[in-house]
Structure formats: C-alpha cells, structure tokens
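Asker: here's a sequence, model it:
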Amino acid sequence: MKNFSAYILHTVIIAFCLSVLSGYANAKGTLVADLDQSEVGITTDFNGTELLLFGALSKNSNDQIAIVISGPPKSMALRRKDKVAGIWLNTENARLEGIPSFYHILSTKPVEQIASPEERQKIRLGYEHIPLALASGSRIDEGEVQEWKEALIRNMEQVDLWDKRPGSIQVIEGVLFRTNVVLPANVIPGQYEVRVMHFSNGVMVNEDISTLKVAKSGLSAMVYNIAHDYAPFYGIFAIIFAIAAGWLAAVAFRR
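Answerer: Okay, the predicted model is just below:
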C-alpha cells in the first residue's frame with residue numbers, strides 16, 4: 001500500500017512540475033527540462049536504476065528533441081587479435097584517452113533524420129563525433145583508425161554503456177516531453193552531463209544542460225574511499241586479510 005501511495009504522489013508531483021514547466025516554456029519560448037533525481041547512490045547491491053527525465057518546450061509540429069547523457073571520461077585499452085600459427089593472439093594494443101565512460105542518445109527520431117551531418121558535427125551529436133585520442137606513446141599500426149573506433153563502439157554497446165534509442169522520447173500535446181534514462185549496474189562514479197537539445201528545421205535552436213551525480217554510498221563508499229585515499233594501507237590490509245583467510249581455511253580443512 002505504501003508503494004502504491006508513493007507512486008501516486010510521485011505521479012502527481014511530476015504532473016504538477018510538467019504543468020509549471022509548460023507554462024514557463026510557453027511564456028519564455030524556451031526549453032526547460034529536469035530529472036526526478038539529481039544524485040544516484042551506488043551501494044553494494046546496486047543493480048542499475050531508471051530515472052525519469054521530463055520537461056517542456058515551445059515547439060512547432062515538426063520540431064524534434066535529442067538528449068545525450070555522457071559519463072566522466074576514462075582511458076581504455078583496445079586489443080587487436082590475429083591468427084598466428086592457428087592460434088588467436090593479441091598482435092597490437094592501443095590505449096585511448098578521454099573516452100566517455102557512458103554515452104546514451106535518446107531522441108524522437110534517429111539523429112540522422114533530425115539534423116544534417118554538419119549540424120551534428122558542430123554540436124558533437126553522435127558516435128562519429130566522439131573524439132578518438134591516442135594516449136602518449138600509443139599508436140595504431142594495423143588497420144584504419146575507423147576500424148578501431150567501430151570495435152570500441154561494439155564493445156561499449158555490448159555492456160550497455162553506449163546506446164542509441166530513437167523514438168524513446170514521448171511528446172505530450174506537442175509541448176511536454178518525457179523519457180526514461182537507464183543507468184546499468186556497471187556505471188562508474190562521477191559527474192554525468194545531461195544535454196537536452198531542441199531542433200527546428202534541422203538546426204539546434206535551444207539547449208538545456210544539467211548534471212547528474214553518481215556516487216558510491218554505504219559500505220561500498222567506505223571501502224572505495226579507503227582504497228583511494230589510503231592505498232598503501234589498504235594494500236597491506238588486503239594482503240594480511242588474504243593470508244589470514246588462507247590460514248583459517250587450511251586449519252578448518254585439516255580438522
């Protein structure tokens with residue numbers, strides 16, 4: 001009963017917020033958007049979560065919306081495998097820097113139908129406009145850079161960290177819009193950028209940018225902070241704990 005009451009209250013609040021945003025957007029002729037949560041906590045039993053993104057805008061019938069949620073940048077190693085003497089071996093490694101750890105595109109239509117290639121490049125919308133920067137001392141000797149980028153996209157899509165979801169934004173009465181933002185269990189802590197873009201005749205006319213904080217919480221936060229703030233002590237404790245656990249296991253099995 002409590003869950004049902006909470007759901008009703010949540011729906012009423014969202015409906016009220018949408019009505020307020022709608023009036024504001026129509027009055028100002030601008031785009032306004034928000035998430036139902038501004039912070040997500042990663043606990044030891046975190047299995048992913050789903051957020052509601054909602055908003056309003058002053059739009060014409062053919063206008064479109066695209067939303068990009070991007071996570072903190074990270075470095076990533078890619079390995080190329082080739083068959084050598086009948087055995088698959090890693091023949092080349094490349095380390096990329098500044099790669100978004102999370103990159104989801106939500107849109108009313110496929111982005112190729114929303115804006116021209118020139119416009120998408122200008123506003124950095126789409127996989128093809130994610131910069132591919134090699135780490136210092138790293139190079140690609142085999143194959144084209146595009147092949148490595150395609151491999152990166154496949155790898156990130158397989159673990160649900162990169163995704164494209166055309167048609168995932170619901171527009172209500174031509175003014176209100178809403179969509180669900182799915183964060184999988186393997187997201188990393190950090191600040192996530194949320195870009196909501198309003199397109200008219202293939203050109204971005206309005207943009208709303210906000211942030212979403214993803215942070216460790218509870219026991220996992222304590223362990224994470226100790227491991228990063230007191231790395232030497234954490235390493236020594238981990239070794240001692242492993243030795244003690246092994247010794248206790250040996251004693252138990254001897255009995």
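
Asker: and Ala33, how far from Gly48?
Answerer: Remark: distance between Ala33 and Gly48 (C-beta to C-beta, to the nearest Å) = 22 Å. Quick note: C-beta positions are derived from backbone N, CA and C, even for glycine.

Asker: cool, and Pro166?
Answerer: The value you get for Pro166 to Gly48, if C-beta to C-beta is used, is 22 Å.

Asker: repeat that for Arg195.
Answerer: If you go by C-beta to C-beta, the gap between Arg195 and Gly48 works out to 22 Å.

Asker: these two: which is more packed in?
Answerer: When neighbours are counted by other C-beta atoms under 10 Å, Arg195 comes out ahead of the other of Arg195 and Gly48, with 19 against 13.

Asker: residues in contact with the more buried one?
Answerer: Ile67, Val68, Ile69, Ser70, Glu207, Asp208, Ile209 (C-beta atoms under 8 Å, 6 or more residues apart in numbering).

Asker: what are the pairing partners of the helix or strand harbouring the third one, and which direction each?
Answerer: I take that to be Ile69. Using DSSP states H and E, the secondary-structure element containing Ile69 is strand 64-70. If you go by DSSP bridges, strand 64-70 pairs up with strand 103-107 (antiparallel), strand 190-200 (antiparallel).

Asker: which of the ones you listed is buried the deepest?
Answerer: Highest mean neighbour count of the strands paired with strand 64-70: strand 103-107, a mean of 22 (counted as mean count of other C-beta atoms under 10 Å).

Asker: surely Asn155 is in a strand?
Answerer: No. In this structure, Asn155 is helix, not part of a strand, as judged by DSSP: H, G, I helix; E, B strand; the rest coil.

Asker: strands along the stretch 51-200 of the chain, start to end?
Answerer: Remark: strands assigned in the stretch 51-200 of the chain by DSSP state E, counting those that start in this stretch are 64-70, 73-84, 87-100, 103-107, 133-134, 162-166, 170-172, 176-183, 190-200.

Asker: downstream of the last one, the next helix or strand is which one?
Answerer: This points to strand 190-200. Remark: after strand 190-200, the chain's next helix or strand is strand 203-216, criterion DSSP H and E.
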